[in-house]
Structures are given as structure tokens and as C-alpha cells.
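**Q** Give me a model of this one.
(2 chains)
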There are 2 protein chains.
Amino acid sequence: MFDSGLGGLTVVRELMAAMGGEDIVYLGDSARVPYGIKSLETVRRFALSDAAYLMRFSPKLLVVACNTASAAAIDVLQERIDVDVVDVIGPSAAAAVGRTDRPIGVIATEATISSGAYQRTIERLAPGREVLVAACPLLVPIVEEGRGEDDPIVLHVLSDYLHRLQRARPGAMILGCTHYPLLSGAIGKLMGPDVPLINSGQAAAEEVHRRLVDTHLQSPRSAGGTLRCFTTDNPRRFALLAERFGGRKIDDVMFVGTDELECITEPTT
Amino acid sequence: MFDSGLGGLTVVRELMAAMGGEDIVYLGDSARVPYGIKSLETVRRFALSDAAYLMRFSPKLLVVACNTASAAAIDVLQERIDVDVVDVIGPSAAAAVGRTDRPIGVIATEATISSGAYQRTIERLAPGREVLVAACPLLVPIVEEGRGEDDPIVLHVLSDYLHRLQRARPGAMILGCTHYPLLSGAIGKLMGPDVPLINSGQAAAEEVHRRLVDTHLQSPRSAGGTLRCFTTDNPRRFALLAERFGGRKIDDVMFVGTDELECITEPTT
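**A** Prediction:
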């Protein structure tokens, strides 16, 4: 599994809760974080280098635990990577469509929204369904800064981004960035109890489970799975911040340089 | 000249105003932006690869137009690069010390503040001088998002970061990040007219001028200098946003991949 940084650990958390016997190798590209303010070409290149690195571990499945990387690179990853790839956008869109017949809201990074990936995926699953989107560029840095859900600045920024969606009252709203579950309490309060929030990490974890069962690749264990983390920035800093995202202490963090990632030529096995 | 992204164009602006005859090659590392939330080891590696790339153009002087890169890498750059290197921290610290005998305020990124570079530089120039610092992690993403100085969120975030400095009333305050001049109006209003703001780009431009005169390397022209820009992300996007930072339209923008930067082995000539 890879992500631009720490956000994907919210996906790890869901996955470990649902499939405690699976061994996970997580790569957080904290040296090049964030992806969501960068062009899709650049994010695609980063995603390919992240995936190529992970192929060294001969995974049975690759999870793109970052919405921006999913938006930019899912097609090229599925084409070039020699194992099944699960992204966070497809499962979240399907979960939202299954949850409501009314318009669907999506909040995400600038790159994810402007890629149109959610809009296209929902259109394919439910033709003609209205999709209401809002790009929220400050939410990732706010979460990374460690501000809590009752911080007045968090509430101010959320109100600014969500006011149009609050009035539109969609039938469900996708948290289209793996950082956003850390703000789901505040987002839920602003949107009200009638707007269910779709956690893209949870949706992806359910999809991983389905795929592993379908392909008979699931672990026979229900507990005892391991988590090894790699980061392109400082491992101590990663370990320090990881608990907020992953919901548990993470000790096994190793460094891998972006120079090593960039040197891998072709992301195939 | 290099910077983590667009902020350094505020230094270009000052340099072109003061020395209109100089030719400038600018590298903005927009694919790996921001530097200010990353570890000093990572920023040092990035800065070395940026500098090594620029050495291809055989510059007469290298300007580190990024406070975080200055804090992380000025020593190693001066050691390994074969031309004179001007950073933004030394000149800003000197300008502040020259401006007041009272305590000096510094606002900057998390990495710059926690490196202690401003604190050490001021201590060297004016032993015992009190330095009041505030890390302001959200200001770079706020400026990059394009929010203006009268945006309520900008004022809310600034008040949050500056309230301790407002009470302390330093004799001068350094804007220790090349993004911050875009918020200098709002910062000035909060700090009041008795606290002069030191623009680190302006201080660096003055230092460049001094060095070029001292070494007899200044251009004989007073106008007609060229500006060529390189970016590691999308050049169209860079050109689109550049005007806000550089104060003029910038057309000549080319792409260079981070894979190319990372492949340069040793940043010497």
C-alpha cells in the first residue's frame, strides 16, 4: 500500500480492523507530500515510482491509499503492474451510489477534483446522477499541522469550503482524501445527521476484502498480521505522527530515499 | 537561483528591480514543494540536487531563495559548490540587527524555526539579543491557494500565529519565508506601524548586489537582463501562478524532472 504520506494510514487502520491476519507493507512518500496540489503528470510519475518500489516485496495485491494518486494513475498502474490494484476512488463512488439515489457530494484535493475522476466514476455507475464537488486545499496541511476538530480555524476553514454543499444537502458525501477521516466529526456536524459520510479508506478496505476472497488469496489467519512502514522522509518523525492516523503505535518504520525510488526504471515485476 | 517552488520569485522581483542587467536562471522545485514541513536531511538532499542542476548554467553566483533550504543546506552548499553562495537567512538577520537594538521577531516555516538557523545567526551578529520565533505552517499553503490579504481565513490564521509576537512587540520582525511578502500588508496591520518587517528577499537582493560589486562580477548593463525559469512540475501552471509572486508575466518556463535532478551524483562543477 502506498500514499503521499500519512493519510493512507487511515486505510491501514480499516484494513487491519477488517482483516487482522494480512501482512501490510506501507510506503508513505513524506518527502514529496502533498500530491494534491501538483499536476496529474507529476503525481502519475510519483505513483509509478512508489508502486515499483513496493513490487520488490512481491505483494499479492497493491492498494493505492491516496485519492490523488488514484485519480492520476489508476489506469496506468492497472496496465503496468503485474498484480491486482485496488484504489480508493472506485470503492468510494460505489459505496455512495449504493447509499443514496440523491445527488452525491465529494470533497477532495484540488488535483483529485480537477481530474474529474470521481465525476466520471459516479457517472459510469449511475448515469445522470448529480455530483457536487468542492476542492479543499487547506485540509491536508491543517490535519498535518495537528489541529484538532474543535480548533476554531478548522471550523472556519471547513465552513468556507462546505457552505455550498451544506445548502445543497446531498444524499451522501464522499471524504475523497485519506486525511479527511481525522476531521469527520467536525464535517459531520456541519453537514448534519442526514448526510452520511463515505470514508474512502473504509470503502477501499471492503473492496480489498472482496478481491482477496474472490481470488482465494486471503490470509487463513484472522489476527497476527504485520505492518512494516517505509517513508521517504525522516522515519522518527513518521513514527511520531503515525499514531494519529493509524490509531495505534507504529514502531517498524524504515527510510527509503526518493533518489532510490526515482532510479527504478519500469514499474513492472 | 532556486526555491522549493514559487516563493523565490519574490526574490527575483527584488533582484531585477535593483540589478536589471543581470541574467537569472530560476529553478522552482514545485514537484517536491513545500520544503518547510520536511526534515532537514531531506531538504538538504533536495537543495543539493537543485544546486547541482543549476551549476550546468555556469552561474557567477548561486542564490538560495528559500529560507528552509538556507537553514538546512547553506553550509554544505558553500562547501561543495564552486561559486559564491548567497542565502536568505544571513542577510535578513543582518538587516534586522542593523535596524533595531530591541528583540527581533522571526516568522518562518516549521523546519526553518526548528533548525535554529535564525536564532544562531542573530546570536553571532548580536550576542545575547532576544529572538522571538513563531512557526507558521499554514501560511505557505494559504498563499499557494491564492487567498488574498483581506480573506477572513487569512486574518484568522495570522492572528492565531502572531498573537504572542503582537504582545511582545519586537523591534523588527523578519518574514523568514519567501512566500510571506504576499501577506505583508495583513501582517503589518496586525503588528502595527512600530514593527518594521524585514523582507528576506529584499535583504538577499542587497547582499547579491554587494557581492557582485565586491568581486567585480556585476553586469555592465543596468537593464535588459533575462529570466529563464525551470520547474519540476507543470510549466503552464508555474507560468500561470508566477505573476503573483514575481510581479510580472513570466513566459519562459521549462520542465525538468525530479528524476533528472535526483540522478546528478555530486553537486560540484
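**Q** And the helices in chain A, which stretches?
**A** A:9-18, A:40-54, A:67-80, A:89-99, A:110-115, A:117-125, A:139-145, A:152-168, A:184-191, A:200-214, A:235-246, A:258-263 (DSSP state H).
**Q** can those helices go into a markdown table with extra columns for mean pLDDT and distance to chain B?
**A** (C-beta placed from N, C-alpha, C; glycine too.) Formatted as a markdown table, the helices of chain A follow (pLDDT from 0 to 100; distance: least, Cβ to the nearest Cβ, whole Å):
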| stretch | mean pLDDT | distance to chain B |
| --- | --- | --- |
| helix A:9-18 | 95 | 17 |
| helix A:40-54 | 97 | 5 |
| helix A:67-80 | 97 | 12 |
| helix A:89-99 | 98 | 22 |
| helix A:110-115 | 97 | 8 |
| helix A:117-125 | 98 | 18 |
| helix A:139-145 | 92 | 4 |
| helix A:152-168 | 97 | 5 |
| helix A:184-191 | 97 | 15 |
| helix A:200-214 | 95 | 21 |
| helix A:235-246 | 92 | 6 |
| helix A:258-263 | 89 | 4 |
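**Q** Need the ones you listed in TSV (columns: mean neighbour count).
**A** What follows is those, written out as TSV (neighbours: other Cβ atoms under 10 Å in any protein chain shown):
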stretch	mean neighbour count
helix A:9-18	23
helix A:40-54	23
helix A:67-80	24
helix A:89-99	22
helix A:110-115	22
helix A:117-125	19
helix A:139-145	23
helix A:152-168	16
helix A:184-191	17
helix A:200-214	21
helix A:235-246	18
helix A:258-263	18
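**Q** Could you export the ones you listed as CSV, including distance to residue B:259?
**A** Listed next are the helices of chain A as CSV, based on distance: least, Cβ to Cβ, whole Å:
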stretch, distance to residue B:259
helix A:9-18, 27
helix A:40-54, 7
helix A:67-80, 16
helix A:89-99, 26
helix A:110-115, 20
helix A:117-125, 25
helix A:139-145, 24
helix A:152-168, 34
helix A:184-191, 37
helix A:200-214, 28
helix A:235-246, 23
helix A:258-263, 4
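**Q** For the most centrally placed residue in chain A, give its distance to chain B.
**A** Chain A has residue A:66 as the residue nearest its centroid, 3.2 Å off, counting by Cα atoms, centre = their mean. Counting by Cβ to the nearest Cβ, to the nearest Å, the separation of residue A:66 from chain B is 16 Å.
**Q** Spit out the contact partners of the closest residue to residue A:69 other than its chain neighbours.
**A** Nearest non-adjacent residue to residue A:69, counting by Cβ to Cβ, 6 or more residues apart in numbering or on different chains: residue A:47, 4.2 Å away. Shown in contact with residue A:47 (Cβ atoms under 8 Å, 6 or more residues apart in numbering or on different chains): A:2, A:64, A:66, A:69, A:72, A:73, A:76, A:77.
**Q** now do residue A:253
**A** Contacts of residue A:253 (Cβ under 8 Å, 6+ apart): A:229, A:230, A:231, A:235, A:236, A:238, A:239, A:242.
**Q** Repeat that for residue A:38.
**A** Neighbours of residue A:38 in contact, by Cβ under 8 Å, 6+ apart: A:68, A:111, B:30, B:31, B:233, B:234.
**Q** Check the gap between the residue nearest to residue A:69 and residue A:73 for me.
**A** 4 Å (Cβ to Cβ, to the nearest Å).
**Q** list residues touching both of the two?
**A** With Cβ under 8 Å, 6+ apart as the test, residue A:47 and residue A:73 both reach residue A:64.
**Q** Look through the stretch 1-150 of chain A and state the residue closest to chain B.
**A** residue A:39 (3.7 Å; Cβ to the nearest Cβ).
**Q** Counting neighbours, what do you get for the residue nearest to that residue when sequence neighbours are not counted?
**A** Distances taken as Cβ to Cβ, 6+ apart put residue B:234 closest to residue A:39, at 3.7 Å, once the chain neighbours are dropped. Residue B:234 has 18 neighbours, counted by other Cβ atoms under 10 Å in any protein chain shown.
**Q** Now do the phi/psi pair for residue B:234.
**A** phi -70, psi 120 (degrees, to the nearest 10).
**Q** For burial, what's the neighbour tally of the spatially closest residue to residue A:84 that is not a sequence neighbour?
**A** In space, and not counting its chain neighbours, residue A:84 is closest to residue A:61: 5.1 Å by Cβ to Cβ, 6+ apart. Neighbourhood size, residue A:61 [other Cβ under 10 Å]: 16.
**Q** The residue of the stretch 1-150 of chain A closest to chain B contacts residue B:231, correct?
**A** No - in this structure residue A:39 lies outside contact range of residue B:231 using Cβ atoms under 8 Å: 9.8 Å.
**Q** which of those two has more neighbours?
**A** Each of residue A:39 and residue B:231 has its neighbours counted (other Cβ under 10 Å); residue B:231 has more, 26 against 21.
**Q** what's the spacing between residue A:214 and residue A:61?
**A** Residue A:214 is 11 Å from residue A:61, by Cβ to Cβ.
**Q** Reformat the contacts of residue A:38 as TSV; add distance to residue A:118.
**A** Converted to TSV, those look like this (distance: Cβ to Cβ, whole Å):
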residue	distance to residue A:118
A:68	11
A:111	12
B:30	24
B:31	24
B:233	22
B:234	21
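**Q** Relative to residue B:17, which of these is nearest.
**A** residue B:30 (23.8 Å; Cβ to Cβ).
**Q** Model confidence score at the residue nearest to that closest one when sequence neighbours are not counted, please.
**A** Excluding the flanking residues, the one nearest residue B:30 by Cβ to Cβ, 6+ apart is residue B:233, at 3.7 Å. On pLDDT, residue B:233 comes in at 97.
**Q** Would you agree residue B:233 is in contact with residue A:39?
**A** Yes - in this structure, residue B:233 is within contact of residue A:39 by Cβ under 8 Å, at 5.3 Å.
**Q** any common contacting residues for those two?
**A** In contact with both residue B:233 and residue A:39: no residue, using Cβ under 8 Å, 6+ apart.
**Q** now residue A:101: how far from residue A:126?
**A** 8 Å.
**Q** Settle it for me: which of the two has more neighbours?
**A** Taking other Cβ under 10 Å, residue A:101 and residue A:126 do not tie; residue A:126 has more neighbours (18 against 9).
**Q** That one - nearest residue in space that isn't next to it in sequence?
**A** In space, residue A:126 is closest to residue A:97, 4.7 Å off (Cβ to Cβ, 6+ apart).
**Q** Touching, that neighbour and residue A:123? I think so.
**A** No - in this structure, residue A:97 is not within contact of residue A:123 by Cβ under 8 Å, at 10.2 Å.
**Q** who touches both of those two?
**A** What both residue A:97 and residue A:123 touch, as defined by Cβ under 8 Å, 6+ apart, is the set residue A:129.
**Q** dump the residue contacts of the closest residue to residue A:148 other than its chain neighbours.
**A** Of all residues not flanking residue A:148 in the chain, residue A:154 sits nearest, at 7.1 Å (Cβ to Cβ, 6+ apart). Residue A:154 sits next to A:142, A:147, A:148, A:183, A:186 when contact means Cβ under 8 Å, 6+ apart.
**Q** I'd say the fourth one and residue A:149 touch.
**A** It refers to residue A:183. Yes - if you go by Cβ under 8 Å, residue A:183 and residue A:149 touch, sitting 5.8 Å apart.
**Q** If you count surrounding residues, which of those two has more?
**A** residue A:183 (25 against 16).
**Q** Spit out the contact partners of residue A:26.
**A** A:1, A:2, A:3, A:8, A:9, A:12, A:65, A:227, A:228, A:229, A:230.
**Q** That one and residue A:249: what is the separation?
**A** Taking Cβ to Cβ, one finds residue A:26 at 14 Å from residue A:249.
**Q** do residue A:64 as well
**A** With Cβ to Cβ as the criterion, residue A:64 and residue A:249 are 25 Å apart.
**Q** Neighbour count: those two, which is higher?
**A** Using other Cβ under 10 Å, the more surrounded residue of residue A:64 and residue A:249 is residue A:64, with 29 against 8.
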